[in-house]
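Visitor: got a predicted structure here, sequence first:
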Amino acid sequence: MAESRVCELCGDEQTTDVAAVCRPCAGTARARILGAPGLLALLDDNASGAARLERHGATRRAPDEDELPLTAAQAPAPDAVAIETADAIEGLIVLLALRVRDVVAPPCEHDSCHKGLSVRGPHCATQRRHLVHAGAAYLDPFAYVGDRTAILRRLPDAADVCAMIGRVTARGWALVDTAPPLGWFVGECRAVVDAASTDGRGVPGVAFACERKLYARIGEQRVKCPACGTWHEVAPRRSALLAQAREQAFTAPDVARIVVTLGYADSVERAANRVRKWRSRGVLEPVGYTVEGRPRYALGAVLDRLKAEAFGAGSVAS
């Protein structure tokens, strides 16, 4: 008679490859774990109130350089809830990586192998394997656990662990999706003004192009330059900046936040999952990778795909 077991998380009966948690539930946990680094980056944005830019494959915060129409007009106070949630997510996965490591490659019981901490030894084969796995778990605990869900689903408390992963990541995505709207960077003023009109200390009769950076809250139609007093229409400036940004490349969570801010989606989590789904189906290809190896997608390609599906021209359902 074939062995069967009920999944402790969803209640479905398992008849093959049975464990405390079924394979679909473990797959869901894996997706949440592997998506956590992107979520942590977005929570970091919430915590600091700073917009993120990616340049030359590396993430950097540069509100005064290469600005996109997504930069916060004013940096709010640090978000303590976002900080605590990010710490909870990272702490949970790190502890889980240590547990999985000790199952996959437990330490040996030789006293001589534990006298030094060096990976080079002298150690027995068992301890060397343990140290190699310890290094992998330390360098990238998210990938280490995500790639070993077969071990995760067989832990004695696998159902509780998977449920906890779901709760903390859901809390994080909820914070991201309900974050207060950012302001738009609408470019430099560039109005030609008299030098003496800005601060009273310039030379009268000497004209120059005002270089003050302008920001507008979402929904504002016009913005006044605080330096020279010139009024500007927001919509054409925002469209021009967005056109320039189409060739910029972003990771799935970052491009998801952009499309939500632009009104093409209502959830950062769902938008990021849609981008990843498009890639897995071969309808969207990355244009590069971050230094950590995460794929980056052209903003223009993502926007075109969203518009095509919105008007029924896309052949792939979201």
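Guide: Ah, there it is. Every value quoted in this text rests on a predicted model; they were computed, and no experiment measured them. Residues are numbered from 1 along each chain as shown.
Visitor: tell me where this protein has strands.
Guide: 5-6, 13-14, 53-55, 58-60, 183-188, 192-194, 207-209, 213-217, 222-224, 231-233, 249-250, 288-289, 295-298 (DSSP state E).
Visitor: strand partners (parallel or antiparallel) of the first one?
Guide: So that's strand 5-6. strand 13-14 (antiparallel) (DSSP bridges).
Visitor: one step back: so which of the strands of the chain is the most surrounded?
Guide: Compared across those, strand 249-250 shows the largest average neighbour count, a mean of 24 (mean count of other CB atoms under 10 Å). C-beta coordinates here come from the backbone N, C-alpha and C atoms, glycine included.
Visitor: got a list of contacts for that one?
Guide: 54, 258, 286-288, 296-299 (CB atoms under 8 Å, 6 or more residues apart in numbering).
Visitor: hang on, the earlier thing: could you export the strands of the chain to TSV, including columns for distance to Pro37 and mean pLDDT?
Guide: As requested, the strands of the chain are exported to TSV (distance: least, CB to CB, whole Å; pLDDT from 0 to 100):
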stretch	distance to Pro37	mean pLDDT
strand 5-6	32	86
strand 13-14	30	84
strand 53-55	14	33
strand 58-60	11	36
strand 183-188	26	71
strand 192-194	46	73
strand 207-209	42	74
strand 213-217	29	76
strand 222-224	35	86
strand 231-233	38	90
strand 249-250	14	86
strand 288-289	14	88
strand 295-298	13	90
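Visitor: could you dump those to TSV with distance to Leu131?
Guide: Converted to TSV, the strands of the chain look like this (distance: least, CB to CB, whole Å):
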stretch	distance to Leu131
strand 5-6	35
strand 13-14	35
strand 53-55	34
strand 58-60	30
strand 183-188	48
strand 192-194	66
strand 207-209	61
strand 213-217	51
strand 222-224	58
strand 231-233	60
strand 249-250	37
strand 288-289	29
strand 295-298	31
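Visitor: closest to Ala163 out of those?
Guide: Ala163 lies closest to strand 5-6 among these, at 15.5 Å (CB to CB).
Visitor: report the distance from the closest one to the chain centre.
Guide: 35 Å (CA atoms, centre = their mean, to the nearest Å).
Visitor: out of the strands of the chain, nearest to Leu241?
Guide: Closest among the strands of the chain, using CB to CB: strand 183-188, at 6.0 Å.
Visitor: residue ranges with poor pLDDT in the stretch 51-200 of the chain?
Guide: Along the stretch 51-200 of the chain, the model assigns pLDDT under 70 to residues 51-79, 113-123, 177-184, 194-200.
Visitor: show me where it has its helices.
Guide: 80-104, 125-139, 141-146, 149-152, 158-177, 196-199 (DSSP state H, counting those that start in this stretch).
Visitor: cool, thanks, signing off.
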